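>>> Sequence first, predicted model second:
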2 protein chains.
Amino acid sequence: MKILLNSLAEPTRWNIVELLKKGPLAVGEIAEELGLRQPQVSKHLKVLSEAGIVAVHPIANRRVYQLNPEPFQELQEWAESYRHLWEERFDRLDDYLMKVEKRGEKEK
Amino acid sequence: MKILLNSLAEPTRWNIVELLKKGPLAVGEIAEELGLRQPQVSKHLKVLSEAGIVAVHPIANRRVYQLNPEPFQELQEWAESYRHLWEERFDRLDDYLMKVEKRGEKEK
DNA sequence: AATTAATACTTCTTTACAGGAATATTCCTC
DNA sequence: GAGGAATATTCCTGTAAAGAAGTATTAATT
């Protein structure tokens, strides 16, 4: 999960991912679309690939990159695990305050 | 969104967030729990705060930090926007291949 | 087989940022 | 208001990683 987040955090890689959201593209197309140099794109794609975010499909002498669905599903589930914050927010703070109070009494 | 991802990507900050998931905590408690020095914790909390991920509640001379729900909701929705990848995956690759074919013919 | 296009792999430089240590600030308590 | 916690800020150093430019590799076409 940390690797996943780290890979997506870099702005250029994020742009690549957002671009691939519309559909698979070859390296050169990505470079042109985003105004980047080809080597940088390849490097970023390597990172994304190692994080399992993209998959490669060699077609002739091109390499077509495509998004994998799994990481995004994983990310969604992780964010979803914070759903309880919606409701319990204030209760939690109150709980904490009461704990602090009690601890203060003990220490006296 | 980029700022949000970037803030969560850093391992220590991710640990802090995972810790705060269980409930609000003061700076010193976070430091102790994670075996970190107080200044680093404050620094990371500042980043998290500027990203809107945490909120502060000053209590006496302590500062209690708590997770904000919104960023996680936002993150979940963003990941959800990639849901179409689940189904359309192979269709998209086929589409791309057909586009490439057609383009090849044109250029001749 | 030679040439060319597309992509990956170096090497180098530079920048961003995390950690460490010391210091400053804030806010209680006496 | 002085002393002491708890927390924030500052300055420094080291390091990881992104960008640039050149080079190597792979594959297709003739």
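Done, it's in.

>>> Could you see whether DNA strand D lies near the helix ranked longest in chain A?
With secondary structure taken from DSSP state H, chain A has its longest helix at helix A:85-106. No: against DNA strand D, helix A:85-106 shows no contacts by CB under 7 Å from any atom of the strand, the least distance being 10.2 Å. For glycine as for every other residue, the C-beta is placed from the backbone atoms N, C-alpha and C.

>>> for stretch A:7-19, which positions count as buried?
Buried residues in stretch A:7-19, counting neighbours by 16 or more other CB atoms under 10 Å in any protein chain shown, are found at A:7-10, A:13-17, A:19.

>>> quick one on the thing from earlier: residues touching the longest helix of chain A, excluding its own?
B:23-25, B:57, B:59, B:62, B:64, B:66-69, B:72-73 (CB atoms under 8 Å, 6 or more residues apart in numbering or on different chains).

>>> Where does A:Ser49 sit, in terms of helix or strand?
Following DSSP states H and E, one finds A:Ser49 within helix A:38-50.

>>> hmm, that helix in reach of chain B?
No: using CB under 8 Å from any CB of the partner chain, helix A:38-50 stays clear of chain B, coming no nearer than 12.3 Å.

>>> That helix: what's the following helix or strand?
Where DSSP H and E defines the elements, the next helix or strand beyond helix A:38-50 is strand A:54-59.

>>> tilt between that next one and helix A:38-50?
120 degrees (axes from the mean of the first three to the mean of the last three CA atoms, to 10 degrees).

>>> Quick check: buried residues in stretch A:53-65?
A:53-54, A:64-65.

>>> about what we covered before: now the two most distant members of the buried residues of stretch A:7-19.
Within the buried residues of stretch A:7-19, A:Ala9 and A:Leu19 form the most distant pair, 16.6 Å apart (CB to CB).

>>> mind giving me the domain split of chain A?
Following automatic domain parsing, one finds the domains of chain A at A:2-68, A:72-106.
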